[in-house]
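*Asks:* Quick one, structure for this:
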Amino acid sequence: MIIPVGLGKDSYDIVIERGALGKAAEIFDLDRKVMIVTDSQVPEKYYLNLAAGCKVSVAGIFQAGEASKTPQNFLNICKKMMREGFSRKDCVVAVGGGVAGDMAGFAAACYMRGIDFYNVPTTLLSQVDSSVGGKTAVDLDGVKNIIGAFHQPRGVIIDPDVLETLSPRQFACGTAEIIKIAACMDVELFGRIEREGIAGNPRIEEIIAAAVTLKARVVEEDEKEKGLRRVLNFGHTLGHGIETVTGLYHGECVSLGMLPMCRPAVRERIKKILEREGLPVRFSEAAPEPEKVIEAAMHDKKAEGGSIVTVRLDDIGSFRFEAASEEQLMKDYLEVFG
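*Replies:* Model prediction:
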């Protein structure tokens with residue numbers, strides 16, 4: 001299946017196909033120097049498979065995890081390309097999760113003021129969310145994605161076969177992003193998830209394709225997040241605050257962050273799905289201090305003038321944007337987790 005993302009001169013295709021990773025040299029233009037950016041948890045065979053199809057390949061491997069998404073590691077990628085004589089005709093390919101995609105994309109955006117970038121997401125979360133839309137960034141001083149750029153990939157390969165190597169916890173994190181976009185924008189998809197589930201679904205490709213198509217349409221309408229694209233932040237305002245002060249994974253934080261942004265009846269429907277998919281709906285250990293969560297949330301790049309735009313869900317498929325003060329955000333948080 002091919003899902004086009006129509007952005008004029010920056011348009012590209014997302015290929016969703018089992019075994020597509022083995023066809024990367026046919027799908028991407030790799031007849032040049034290729035910087036492959038990956039992390040320590042990605043099976044070696046994935047990037048070696050891709051490297052075999054490159055004219056010249058150079059690997060940049062960093063320690064897995066959000067803690068590696070730093071300006072220094074971004075600079076290390078750029079320095080390696082500079083030492084290897086990369087030109088504007090060469091490219092960067094991310095093979096891994098969202099952190100690999102963010103750093104590879106940002107390096108491609110900045111090196112020589114922009115070179116080609118391709119993405120091969122190997123986690124469910126990155127397949128249905130971060131690999132689509134061209135957001136690239138690194139963190140700074142505990143603030144997520146505060147330094148970055150919009151830099152669309154030239155192509156994306158989503159190979160469902162690679163999901164077989166994920167732990168149940170990693171897989172569950174990706175379901176949070178599918179649930180998020182379905183709850184906001186697609187009553188039919190949300191109903192299907194309620195009936196069939198995501199984990200263990202033999203037609204997982206169809207669910208991935210539906211979620212990716214939704215995000216692609218949002219990006220086409222609002223590439224730079226001036227309006228509609230803000231809907232994709234549902235669950236992320238408080239979620240980023242929770243992620244900053246806990247050791248939870250991104251998808252787990254989005255799961256928790258969605259609940260205070262829903263009306264009670266909607267919250268219960270979403271909670272049932274989250275729990276079934278193995279995601280948290282409460283803090284299993286000592287809850288973080290609410291003040292620290294809210295402080296971190298208010299440092300988000302979307303905050304402005306003492307308030308932050310939140311995405312509220314009144315019903316499945318019915319969302320609205322609302323500016324929230326620090327006090328309102330605290331009230332929302334305590335209503336669910338207090």
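*Asks:* Let me see the contact set for the closest residue to residue 271 other than its chain neighbours.
*Replies:* Spatially, and ignoring its direct neighbours in sequence, residue 271 is nearest to residue 281 (4.8 Å; Cβ to Cβ, 6 or more residues apart in numbering). Placement of C-beta: from N, CA and C, glycine included. Taking Cβ atoms under 8 Å, 6 or more residues apart in numbering as the definition of contact, the neighbours of residue 281 are 255, 256, 259, 271, 274, 275.
*Asks:* will you turn those into JSON lines that also has neighbour count and pLDDT?
*Replies:* Shown next, in JSON lines, are the contacts of residue 281 (neighbours: other Cβ atoms under 10 Å; pLDDT from 0 to 100):
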{"residue": "255", "neighbour count": "31", "pLDDT": "98"}
{"residue": "256", "neighbour count": "27", "pLDDT": "98"}
{"residue": "259", "neighbour count": "24", "pLDDT": "98"}
{"residue": "271", "neighbour count": "18", "pLDDT": "98"}
{"residue": "274", "neighbour count": "22", "pLDDT": "98"}
{"residue": "275", "neighbour count": "13", "pLDDT": "98"}
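*Asks:* quick revisit: now the residue nearest to residue 271: phi and psi?
*Replies:* Here is the backbone geometry of residue 281 (degrees, to the nearest 10): phi -120, psi 0.
*Asks:* Kindly state the pLDDT recorded for it?
*Replies:* Taken from the predicted model, the pLDDT recorded for residue 281 is 97.
*Asks:* With the one 5 residues further on instead?
*Replies:* Turning to residue 286, the model gives it a pLDDT of 79.
*Asks:* In three-state terms, label it for me.
*Replies:* Here residue 286 is recorded as coil under DSSP: H, G, I helix; E, B strand; the rest coil.
*Asks:* how much space is there between it and residue 241?
*Replies:* With the distance defined as Cβ to Cβ, to the nearest Å, residue 286 ends up 16 Å from residue 241.
*Asks:* mind listing the strands in the stretch 101-250 of the chain by residue range?
*Replies:* Taking DSSP state E, counting those that start in this stretch as the criterion, the stretch 101-250 of the chain carries its strands at 116-121, 135-140, 143-150, 155-158.
*Asks:* what's the closest of the ones you listed to residue 330?
*Replies:* Shortest separation from residue 330 across those is recorded for strand 143-150, at 19.4 Å, computed as Cβ to Cβ.
*Asks:* Walk me through which strands that closest one pairs with, and which way each runs.
*Replies:* Next to strand 143-150 in the sheet, as set by DSSP bridges, lie strand 135-140 (antiparallel).
*Asks:* Output the partner strand as PDB, restricted to C-alpha atoms.
*Replies:* Provided in PDB are the C-alpha atoms of strand 135-140 (Å, rounded to 0.1, in the frame of the first residue of the first chain):
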ATOM      1  CA  LYS A 135       9.000  17.300  12.600                       C
ATOM      2  CA  THR A 136      12.600  16.900  13.600                       C
ATOM      3  CA  ALA A 137      14.200  18.000  16.800                       C
ATOM      4  CA  VAL A 138      16.500  17.500  19.800                       C
ATOM      5  CA  ASP A 139      15.900  18.200  23.500                       C
ATOM      6  CA  LEU A 140      17.700  20.800  25.600                       C
END
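*Asks:* which residues sit against it?
*Replies:* Around strand 135-140, the neighbours that count as contacts under Cβ under 8 Å, 6+ apart are 66, 69-71, 73-74, 101-106, 108-109, 117, 144-151.
*Asks:* and it with strand 116-121, angle?
*Replies:* Taking axes from the mean of the first three to the mean of the last three Cα atoms, to 10 degrees, one finds strand 135-140 and strand 116-121 inclined to each other by 80 degrees.
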